[in-house]
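Asker: Below: sequence and its predicted model.
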Amino acid sequence: MAPRRRRISTSIIAIVIFFTLFVYSSTLIKAQLLQRDRRGYPFLYDCEQCNRKKDQATPSYASNDKSGNLDVKDIDIMVTYSDASGAVRVGSVKAKDLSSSWVWKTPSHHDDNVKNIEKSKDLSQPITKYQDSTEDPVETKQSTESTVFNTKKYPDDPIKRHRQILRLKRRELRTAELMKQDKEMDAEMEKAAIERAEGLDTTFIGKYSIWRRDYDNSNSDSTLKLMRDQIIMAKAYATIAKAKNESSLYNSLMNCTKDSLSAIGEANSDVDLQPSALDQAKAMGGILASAKEKLHDCAVLARKLRAMIQVTEDNVNALKKESAFLIQLAAKTIPKHIHCLSQLLTANYFISGRANKGANMKDKLEDPSLYHYAIFSDNVLAAAVVVNSTIVHANEPEKHVFHIVTDKLKVSAMKMWFLDNPPSSASVEVLNIDDFTWLNSSYCPVLRQLESARMKEFYFKVNNNPSSLSTGTDQLKYRNPKYLSMLNHLRFYLPEVYPKLNKILFLDDDIVVQKDLTPLWSVDMKGMVNGAVETCKESFHRFDKYLNFSNPLISENFDPNACGWAYGMNMFDLKEWRKRNITGIYHYWQELNEDRTLWKLGSLPPGLITFYNLTYPLDRSWHVLGLGYDPALNQTAIGNAAVVHYNGNYKPWLDLAIAKYKSYWSRYVMYDSPYLRHCKFTE
């Protein structure tokens, strides 16, 4: 029994000792843990979930290094921040990714910030660093919590409170700036929208409208171009297929070409295509792919395409010649209503017994103190518009005298018109060029040349004699009937026509006057004979455009870059004309050009030669040209011009006239005249 008791006692003593050691070890471990917690490293965020994690267990995010110190590099820092759109985002960063400027603060000394910051220099006592940068993710998180969630305040920390106030101010300032930028952007967009709305033209121009879907599409005709290219390639491959006896492929290509042409029709853009056009383009693509696989040979295809280009160019040239002929024919043919007007006026002139009556007094016609105009025309309506538009804008109509010269066929009609429609208090004289007995072939070289065999050959045998100077329609405009009329050359004989006058303003019958022209008589022309508006722009309308500078007579006497000028409104100083014998200069050069090697027909080239270095340039606003051929003239320049000139083929009394310019002329036509109503003139 004794040994047994001793063993039991020994066991009890061992259990007591073990329990005592266990309690002591537990107490020691708790003390160490408590001490480590007190000197540990807390979370850098303050949120409800984080606090629960800290209360539940010892932080598992830290690890000890070999010395037993806590390794902060593995700490995950939860941060909140605001992105560029202002939305709140949540993220995490590793402590090791922070810059070296970051330090840590012991939470047990939370109430003494200054002291802890000083101690932060000691690496054995890490503290938290305060950073003012708005890019700081921790600061962004704290700012967001304090303003949005309002979960925690720092009434006892002046540094944090100060930082919080600064963050609030920065946020308010940034919000204000963003709102200001938004308002400015809205204002700019609104302004741009208003300007665009004001500039929109909702009217239809032909068949085009700004509301069409293809208006903003830079490739609005891409499908149309594709189909046209396919047709060209199909024709080329069809020719090759026929030459190689590929009848099936040839028929397929030709049928597909026919269908594509039908689908295109008269379309000028994709919008005008038929709904089946795209399907047809796809079908054609398949046929062309098959043809390319069977027939493609670069050399053969290149030769075929070159041949097609040559044929197309020949067709285009033929159409150009045909178009030029038809335009000249339409421009020079007298319209039916104008012919009717001349016939009706002539008949009434003789029926009414006015053949021997005059409309003007002779003393006015020869008074050099008045304003005299010279108009040489066989078009009654055109001459009437020139006179009417001039008188409408004249400050003193009674001082204006119009000298109209026409041919024998139109002189009666011209006189009858101005007898029935006298231009206010102005004077009008109508003369017949055939009454100028001094204007004969012995005195005038042009008349002598017009009677020559060479001129007859040029006008009447040009198509039958290939050796003539000009064949075909290349020089069609030089066969204009006006070049055969002496009315076109009478401008070189003004001193002979008006021997008592000192100055005269020459006007073509295709002009319209829009301002008072009397200031032209007071222009100092510096001793020059001709006052005119120059027409040269860069290389256009210079002497080399009208004269043959390959001829030594021209190249030795004139500058090819000399500026040309316009006939149509010219102030001529007849005193200087007589003094310098201008008519004699004209005769000299006209005789040298009998074989037309110096210039072609017309009155402008000899005028440039005759008045070379004798022309005074007038301001461009006096005379604007081009309304008879150029549809892109400046509308403002036309409106401000004293005289607008319909030089070119598209005269305002023809159906060919450019529509937007016709109103400048038609406003001076007397449509209420019984003659015009009878001949069915319409505005």
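Answerer: All right, it came through fine.
Asker: Give the other helices and strands that the longest helix seen in the chain contacts.
Answerer: Counting residues, the longest helix found in the chain (DSSP state H) is helix 158-199. Other elements packing on helix 158-199 under the criterion 3 or more Cβ pairs under 8 Å, 6 or more residues apart in numbering; DSSP states H and E are helix 137-144. (Each C-beta comes from the backbone N, C-alpha and C, glycine too.)
Asker: What about the nearest residue to Y629 once chain neighbours are set aside, how many residues nearby?
Answerer: Residue nearest to Y629 in three dimensions, not counting chain neighbours: G648, with 3.1 Å by Cβ to Cβ, 6 or more residues apart in numbering. If you count neighbours by other Cβ atoms under 10 Å, G648 ends up with 16.
Asker: got the contact list for G648?
Answerer: 626-630 (Cβ atoms under 8 Å, 6 or more residues apart in numbering).
Asker: I'd like to know which of those are buried.
Answerer: In these, burial by neighbour count holds for 626-628, counting by 16 or more other Cβ atoms under 10 Å.
Asker: between these, which is nearest V316?
Answerer: Of all those, V316 sits closest to G628, with 24.9 Å by Cβ to Cβ.
Asker: Got phi/psi on the residue nearest to F492 when sequence neighbours are not counted?
Answerer: Spatial nearest neighbour of F492, excluding adjacent residues (Cβ to Cβ, 6+ apart): Y586 at 4.7 Å. Main-chain dihedrals, Y586, degrees, to the nearest 10: phi -60, psi -40.
Asker: can I assume Y586 is in contact with L490?
Answerer: No: with contacts counted by Cβ atoms under 8 Å, Y586 stays clear of L490, the gap being 11.7 Å.
Asker: Quick check: next helix or strand after the strand or helix carrying V300?
Answerer: Applying DSSP states H and E as the criterion places V300 in helix 298-332. Next along the chain after helix 298-332, taking DSSP H and E as the criterion, comes helix 336-351.
Asker: Show me the shaky parts of the stretch 551-683 of the chain.
Answerer: Judged against pLDDT under 70, the stretch 551-683 of the chain has no low-scoring part.
Asker: what sits up against the helix or strand just after the longest helix of the chain?
Answerer: Per DSSP H and E, helix 158-199 leads on to helix 222-243 as the next helix or strand towards the C-terminus. If you take Cβ under 8 Å, 6+ apart as the criterion, helix 222-243 is touched by 247, 249-250, 253-254, 256-257, 260-261, 263-264, 267-270, 272-273, 277-278, 280-281, 284-285, 287-288, 291-292, 294-295, 297, 300-301, 304-305, 308.
Asker: now do stretch 609-620
Answerer: For stretch 609-620, the external contacting residues (Cβ under 8 Å, 6+ apart) are 492, 520, 523, 525-526, 528-534, 547, 557-558, 562-563, 565, 571, 580, 582, 585-586, 589, 599, 637.
Asker: Check those for burial and list the buried ones.
Answerer: Taking 16+ other Cβ under 10 Å as the criterion, what is buried in the contacts of stretch 609-620 is 492, 520, 525, 528-534, 547, 558, 562, 565, 571, 580, 582, 585-586, 589, 599.
Asker: From these, which land in strands?
Answerer: Among those, the members falling in strands are 530-532, 571 (criterion: DSSP state E).
Asker: Go through these and say which is closest to I511.
Answerer: Out of those, the member with the shortest distance to I511 (by Cβ to Cβ) is A532, at 13.0 Å.
Asker: Check the closest one and give its pLDDT.
Answerer: For A532, the pLDDT comes out at 95.
Asker: List the beta-bridge partners for it.
Answerer: Counting by DSSP bridges, A532 forms beta bridges with P617.
Asker: where's it relative to N557, distance?
Answerer: Applying Cβ to Cβ, to the nearest Å, the value for A532 to N557 is 20 Å.
Asker: What of G568?
Answerer: In terms of Cβ to Cβ, G568 sits 26 Å off from N557.
Asker: picking up where we left off before, please produce CSV containing the ones in strands among the buried ones among the contacts of stretch 609-620, extended by distance to L507.
Answerer: Output for those, formatted as CSV (distance: Cβ to Cβ, whole Å):
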residue, distance to L507
N530, 14
G531, 13
A532, 12
M571, 10
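Asker: Can you tell me which of those residues is nearest Q449?
Answerer: Closest to Q449, out of all of these and judged by Cβ to Cβ, is N530, at 23.6 Å.
Asker: Give me the three-state assignment for A374.
Answerer: Under DSSP: H, G, I helix; E, B strand; the rest coil, the three-state class of A374 is strand.
Asker: Repeat that for F402.
Answerer: Applying three-state DSSP: F402 is strand.
Asker: And for it, the neighbour number?
Answerer: Quick note: F402 (other Cβ under 10 Å) scores 24 neighbours.
Asker: List the residues that contact it.
Answerer: 373, 375, 387, 390, 423, 426-429.
Asker: give me that answer again for 7 Å
Answerer: 373, 375, 387, 426-429 (Cβ atoms under 7 Å, 6 or more residues apart in numbering).
Asker: what about the stretch 51-200 of the chain, any weak spots by pLDDT?
Answerer: 51-75, 78-90, 93-156, 197-200.
Asker: Packing partners of the helix or strand containing W417?
Answerer: Assigning secondary structure by DSSP H and E places W417 in helix 411-420. With contacts taken as 3 or more Cβ pairs under 7 Å, 6 or more residues apart in numbering; DSSP states H and E, helix 411-420 sits against helix 336-351, helix 380-393, strand 427-432.
Asker: Tell me the buried residues in the second one?
Answerer: What it means is helix 380-393. Residues of helix 380-393 classed as buried: 380-391 (neighbour count, 16+ other Cβ under 10 Å).
Asker: Among the contacts of F402, name the buried ones.
Answerer: Among the contacts of F402, those scoring as buried are 373, 375, 387, 426-429 (criterion: 16+ other Cβ under 10 Å).
Asker: and which of these is nearest to L450?
Answerer: Distance to L450, by Cβ to Cβ, is smallest for I375 among the buried ones among the contacts of F402, at 22.8 Å.
Asker: I'd like to know how far G531 sits from D524.
Answerer: 10 Å.
Asker: M233 too?
Answerer: 68 Å.
Asker: More neighbours: which of those two?
Answerer: The residue with more neighbours, out of M233 and D524, is M233; 19 against 8, by other Cβ under 10 Å.
Asker: picking up where we left off before, what's the closest of the helices and strands packed on helix 411-420 to D510?
Answerer: So among those, helix 380-393 is nearest, using Cβ to Cβ, at 6.3 Å.
Asker: Same question for V446, what's its three-state structure.
Answerer: From three-state DSSP, the assignment for V446 is helix.
Asker: Please apply the same query to L505.
Answerer: What three-state DSSP gives for L505 is strand.
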